[in-house]
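K.L.:
below: sequence and its predicted model.
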Amino acid sequence: MAQHDYIISNQTFPSYRNDHNNSLTAIVGKNSGSSEPATKYAYQWWYDSSNNILKIRNADNDAWINFATFDQTNDRFSLSVHDLTVTGSGVIPAGTVMLFQQTSAPTGFTKITTQNNKALRVVSGSASTGGSNSFTNSLNTSKTVSGTTGGTAVTITGSVGSHTLTIAEMPAHDHPRGTHSTVGFTDDGGAGGTQGYVGGDQNVGSFDARLASQGGGQGHTHNVGSLAGSSHTHSFSSSFNLDVQYVDVILASKD
């Protein structure tokens, strides 16, 4: 770091050479120092080593203009630009709206506060805005979905199929033939006519005659063509949380 008043006074040769070398060192070092040079000139460079800012003296020689800030640790710099006029594709027209992942708008931009707590949507057509629910209310809180499904009439028609019972499927039963009258035999003395018994007419008496019992009482089935039902609904309810991760950005318009 070196600074000089750039005034070479009359002096002996060794002193002159030392004074002259000091002035050249100050020039190549951009008059670097933690404080400004004591003697200042219009358009003079000064590297402020306390803040790592390269400054240039204004034309009136009454103030410094910041030119660039240097990151000496990572060996990079950023220009201090108040206004930039470019004739090419690098121009950012006034009114251009851009996204910034920071709280305050950068120099040369004005933060837009009319849009807040909204999501970004990519479209292929005209850009617009819309929707009624905020980003936080829509995606960052627990939601419960519930309701009832719509009722739909269910009609099932048909009839019971015909089935003929088998003997095995019938309950056990018999068939009575009724009570019969007396059966008599006439004795004609054995001489011609009807055969009979000696001793006159014989009466056997009445009797009840039945057929053998039939049937087993087994079960049986009927084929069903279809059934009939009425309209019904189903209720449902479920809670979920779309706690989506996000990064806040701001919109800023180029001044």
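P.N.:
Perfect, I can see it now. Numbering: from 1, shown residues only.

K.L.:
dump the residue contacts of Gly217.
P.N.:
Contact criterion Cβ atoms under 8 Å, 6 or more residues apart in numbering gives Glu169, Met170, Pro171, Ala172 as the residues in contact with Gly217. (Each C-beta comes from the backbone N, C-alpha and C, glycine too.)

K.L.:
leaving out the residues flanking it, which one is nearest to the last one?
P.N.:
When you say that, I think you mean Ala172. In space, Ala172 comes closest to Gly215 once its chain neighbours are excluded; the distance is 4.4 Å by Cβ to Cβ, 6 or more residues apart in numbering.

K.L.:
hang on, isn't the one you found packed against Thr166?
P.N.:
No. Because the distance of 9.7 Å does not satisfy Cβ atoms under 8 Å, Gly215 is recorded as not touching Thr166.

K.L.:
neighbour-wise, which of these two wins?
P.N.:
Comparing Gly215 with Thr166 by neighbour count (other Cβ atoms under 10 Å), the higher total belongs to Gly215, at 15 against 11.

K.L.:
wait, what's in contact with the more buried one?
P.N.:
Under the criterion of Cβ under 8 Å, 6+ apart, the contact list for Gly215 reads Ile167, Ala168, Met170, Pro171, Ala172, His173.

K.L.:
quick one: buried ones out of those residues?
P.N.:
Buried members of those, counted by 16 or more other Cβ atoms under 10 Å: none.

K.L.:
please, which helix or strand holds Thr25?
P.N.:
When secondary structure is defined by DSSP states H and E, Thr25 falls within helix 13-28.

K.L.:
count of residues packed around Lys30?
P.N.:
Counted with other Cβ under 10 Å, the burial measure for Lys30 works out to 19 neighbours.

K.L.:
any buried residues in stretch 239-255, and which?
P.N.:
Ile250, Leu251, Ala252.

K.L.:
secondary structure class for Thr69?
P.N.:
On the three-state scheme (DSSP: H, G, I helix; E, B strand; the rest coil), Thr69 is labelled strand.

K.L.:
number of nearby residues for it?
P.N.:
Should you count by other Cβ under 10 Å, Thr69 turns out to have 15 residues around it.
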